[in-house]
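> my questions are about this predicted structure, shown below with the sequence.
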Amino acid sequence: MRLATRFALACAGTVTLLVFLAGLGFLRLSRDDVMGELDAQLRAQATRVRPQAVRVLNRPGPPQRPENGFNVPGGIAVYGNGGWMTIGEHPPVDRLPAKKTGPQNVVGGGHRWRAVAVNVPSADGRGGRLWVFAPAGEPQRQLDRLRVRVALVTGLAMAVSSLVGWLVGRAATRPLRRLQGRLAALSGRPAMRVGGGSGLPEIDEVAAVVDSTLDRYDGQVALTNQALQAARSFAATAAHELRTPLAGIGTNLEVLQRHTDIDPAERVEVLTDLLAEHRRAVGLLAMLRILAQGELVTPEQFERIDLAELLDGAVDAARRRHAGATITLSGPATLPVTGWPDGLRCVVDNLLDNAAVHGAGPDGTATVAVTLTRDATLTVADGGPGVPADLGRAVFQRFTKAPGSPGSGLGLTLVAQQVSLHGGTIEIGPPPGGRFTVRLHPHSLHSPM
């Protein structure tokens, strides 16, 4: 059932009930007024003729009608001294109550009467009774006419209130119908929103909630699509890049399988190649995993960390990985920033590995200088040949590296991704010597991105 119909029914029911109750109250008051006025007239008549009734009953024997007196519009009945006296129109005397006094209804002979009874002394000492009557038909007809009018007014009120309730319900639900139309128009159009401007705060609040829900839904859809694209990219890249190390591993395994009597020196060489290819494959998978993970990082994963402490730990680990490299670190003892800890550690580790590997001289040693300033600027410099001019910023693209250069070509890609994720920038210094300068966004020094 539509809201407008419910509103009409509610209005009709409420108004009809109120009118009906008011009509009942009005009928009750009208009845009391009409009958009260009639009773007052009868009491006045009884008071006026009572002295005459006393004189009649004080005579011995049954009451006799006097020649004059008892001039009243209605009827009179007097009982006393063992007999009755009646004047005018009256109900059968056997219908009169014996002891009840005051105003009362009497029915007899097919008619309804209103009567007032008063006690009167009699000659026999038993006491008598005086009744004054008036036909109750006309007051009853007045009340019946009032009942008909109340019923007509109640029916009219029901019809009018139903119509008014339906019209008001239609007007009240018009903004809801407009909202429904706008919601229906959103089907298949993710970029559209309901918007406000209905003129009713309640409807605008509902529209705002719907828009907020759609924003969250579209955000989740975008994240899902992004995750799906990252998974597809990861699978395609991994399949392409793992082909070479897996092929090398397969070749070396076939050599070991076919030549069981291989020379021990050659066997060691083959196993060394196997281990190197295995490490290359594992390292490639690890970098691809971090690259895919970085595409799905949300601001909720950012937290307050000490960049100086993170950098100190990364330098210690790099010194253990690259025993032939001399790595120095200078900067503040502490520097709180907001960021993704894994992402920032990935930036530092890859810059240090890049400097230790590509900055090594013919003797296999490298000198790496790491500098951190209080404005969250990180510089990693080495004494190697640096980035060739023909490569430039292309080194930040996937699997881009100088000919003959070791590595997977993903390290600097990861660095660029994480720096961008943190709202920072990365610059390459001119050769000779490799020099990378990372500047984090100023907001990272104060609050989450």
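Structure's in. What do you need?
> domains for the chain, by residue range?
Domains of the chain are assigned by automatic domain parsing as 3-156, 301-445.
> select, out of these, the one closest to Thr213.
domain 3-156 (22.0 Å; Cβ to Cβ). C-beta: built from backbone N, CA, C; applies to glycine.
> rounded mean pLDDT for that closest one, please.
For domain 3-156, mean pLDDT rounds to 80.
> Throw the domains of the chain into TSV and include mean neighbour count and distance to His278, thanks.
Below are those laid out as TSV (neighbours: other Cβ atoms under 10 Å; distance: least, Cβ to Cβ, whole Å):
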stretch	mean neighbour count	distance to His278
domain 3-156	16	70
domain 301-445	17	14
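> SS state for Ala394?
In three-state terms, and counting by DSSP: H, G, I helix; E, B strand; the rest coil, Ala394 is helix.
> likewise for Gly125?
coil.
> next one: Thr437
Of the three states, Thr437 takes strand according to three-state DSSP.
> who does it bridge with?
When bridges are called by DSSP bridges, Thr437 pairs up with Thr379, Glu427.
> residue contacts, it?
Neighbour list for Thr437: 377-379, 426-427, 429 [criterion: Cβ atoms under 8 Å, 6 or more residues apart in numbering].
> hmm, try it at 7 Å
For Thr437, the contact set (Cβ atoms under 7 Å, 6 or more residues apart in numbering) comprises 377, 379, 427, 429.
> just Glu89 next, same as before
Counting by Cβ under 7 Å, 6+ apart, Glu89 makes contact with 74-75.
> assumed it was part of a strand.
No: according to three-state DSSP, the state of Glu89 is coil, so it is not within a strand.
> and it, its phi and psi?
Per-residue torsions, Glu89: phi -80, psi 140 (degrees, to the nearest 10).
> mind checking the SS state of Asn105?
strand.
> I'd say it and Arg114 touch.
Yes: Asn105 lies in contact with Arg114 (Cβ atoms under 7 Å); the separation is 6.3 Å.
> shared neighbours of these two, anything?
Common neighbours of Asn105 and Arg114, counting by Cβ under 7 Å, 6+ apart, are Ala136.
> sorry, back to before: same list, the contacts of Thr437, but as JSON lines with pLDDT and distance to Pro332 please.
Output for the contacts of Thr437, formatted as JSON lines (pLDDT from 0 to 100; distance: Cβ to Cβ, whole Å):
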{"residue": "Thr377", "pLDDT": "94", "distance to Pro332": "11"}
{"residue": "Thr379", "pLDDT": "95", "distance to Pro332": "14"}
{"residue": "Glu427", "pLDDT": "92", "distance to Pro332": "21"}
{"residue": "Gly429", "pLDDT": "88", "distance to Pro332": "22"}
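> between all of those residues, which two are separated the most?
Using Cβ to Cβ, these span at most 13.1 Å, a distance reached by Thr377 and Gly429.
> all helices for this protein, in order.
With DSSP state H as the criterion, the chain has helices at 3-57, 137-185, 201-241, 243-258, 264-294, 307-321, 341-358, 411-421.
> can I get these in a markdown table with distance to Thr371?
Shown next, in a markdown table, are these (distance: least, Cβ to Cβ, whole Å):
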| stretch | distance to Thr371 |
| --- | --- |
| helix 3-57 | 70 |
| helix 137-185 | 57 |
| helix 201-241 | 33 |
| helix 243-258 | 35 |
| helix 264-294 | 25 |
| helix 307-321 | 10 |
| helix 341-358 | 12 |
| helix 411-421 | 16 |
